[in-house]
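In: this is the structure alone, sequence omitted:
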Ligand code: HPA
């Protein structure tokens with residue numbers, strides 16, 4: 001059987017993966033530039049994994065400035081066979097309260113001006129990939145099964161609205177996202193997901209709701225509140241990932 005090498009892309013609140021037994025750190029370079037951070041190769045639950053901090057080691061790379069193409073290409077070139085992305089999001093619909101976790105199954109992309117394809121006619125010839133179902137259904141199902149095993153509630157479907165950032169949305173923008181059918185809003189879901197698809201890498205997302213989206217509460221959205229939710233929510237996310245990997249043994 002082909003050996004799998006699972007990448008975990010950590011977002012806000014997960015720039016370091018505590019508990020990862022680090023084997024080596026690689027300063028990768030690609031034909032499309034430098035990834036956000038060195039690739040950390042290690043073991044979790046006896047499985048080989050690669051960790052990449054999406055916003056850099058110091059959490060200093062803004063969502064619209066992440067070199068998503070270099071990140072995904074570096075993972076592919078490192079032999080990664082599958083990606084689990086961890087994303088902090090704002091909650092829009094009822095179930096998406098702070099602390100909720102969801103494996104989204106759809107995306108609406110509102111970002112602009114990002115380098116969002118390998119098939120641009122420069123790096124690779126023009127091509128059009130199917131993206132009807134942006135997340136890998138099997139990985140999603142396996143993540144949900146793992147979540148059940150460790151009794152972490154996870155919403156098994158939802159629509160991720162990807163916005164440009166780094167500013168948060170206006171209340172009217174969130175209302176529009178809701179009308180469009182978005183359950184959550186984040187700044188980094190795209191183009192990461194489509195780039196993984198273009199390189200044939202099964203990709204799934206564990207989205208942690210860290211605040212009510214703009215206009216969904218009468219409180220200001222503060223980074224302090226977000227950090228508090230992240231502190232406990234990321235522990236739940238890591239429990240799910242650990243069980244998911246344990247199931248692969
Ligand atoms: N909007 C966009 N991205 C986010 C949010 C939000 O409210 N919370 C965390 N990431």
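Out: Now that the structure is in, tell me what you want to look at. Everything numeric here is computed off the predicted structure, so don't read it as measured data.
In: over to the residue nearest the centre of the chain. Which of the three states is it?
Out: For the chain, the residue nearest the mean C-alpha position is residue 85 (3.0 Å; CA atoms, centre = their mean). Look at residue 85: counting by DSSP: H, G, I helix; E, B strand; the rest coil, its state is strand.
In: check what pLDDT it gets.
Out: Predicted confidence (pLDDT) for residue 85: 98.
In: so who does it touch?
Out: Counting by CB atoms under 8 Å, 6 or more residues apart in numbering, residue 85 touches 8-9, 11, 54, 189, 192-193, 203-206. Where C-beta positions appear, they are placed from N, C-alpha and C, glycine not excepted.
In: now do the top helix by length along the chain: which elements does it pack against?
Out: Ranked by number of residues, the top helix in the chain under DSSP state H is helix 223-246. The helices and strands touching helix 223-246, judged by 3 or more CB pairs under 8 Å, 6 or more residues apart in numbering; DSSP states H and E, are strand 39-44, strand 82-91, strand 101-102, helix 137-149, strand 203-212.
In: buried ones in that helix, by neighbour count?
Out: Under the neighbour-count criterion of 16 or more other CB atoms under 10 Å, helix 223-246 has 225-226, 229-230, 233-234, 236-245 buried.
In: distance of the residue sitting furthest away from the middle of the chain relative to the ligand?
Out: Within the chain, residue 218 marks the point farthest from the mean C-alpha position, 27.7 Å out by CA atoms, centre = their mean. In this view, residue 218 and the ligand are 15 Å apart by CB to the nearest ligand atom, to the nearest Å.
In: next: residue 147.
Out: From residue 147 across to the ligand, the span is 21 Å (CB to the nearest ligand atom).
In: enumerate the residues of the chain near the ligand.
Out: Proximity of the chain to the ligand, by CB under 6 Å from any ligand atom, involves residues 88-90, 163, 168-169, 185-187, 210-211, 213.
In: the ligand: which of those residues is nearest?
Out: The ligand lies nearest to residue 90 out of the residues of the chain next to the ligand, by CB to the nearest ligand atom, at 2.3 Å.
In: isn't that closest one right up against residue 210?
Out: Yes - using CB atoms under 8 Å, residue 90 is in contact with residue 210, at 7.2 Å.
In: remind me which residues of the chain are low pLDDT?
Out: Along the chain, segments meeting pLDDT under 70 span 1-2.
In: repeat the analysis, applying 90 as the threshold.
Out: 1-4, 12-13, 58-59, 218-223, 225, 249 (pLDDT under 90).
In: confirm that residue 161 sits in a strand.
Out: Yes - checked against three-state DSSP, residue 161 lies within a strand.
In: isn't it up against residue 182?
Out: Yes - Residue 161 sits in contact with residue 182 when judged by CB under 8 Å, with a separation of 3.4 Å.
In: more neighbours: those two, which one.
Out: residue 161 (31 against 28; other CB atoms under 10 Å).
In: which residues touch the more buried one?
Out: Listed by CB under 8 Å, 6+ apart, the contact set of residue 161 reads 92, 107-108, 110, 177, 180, 182, 184-186.
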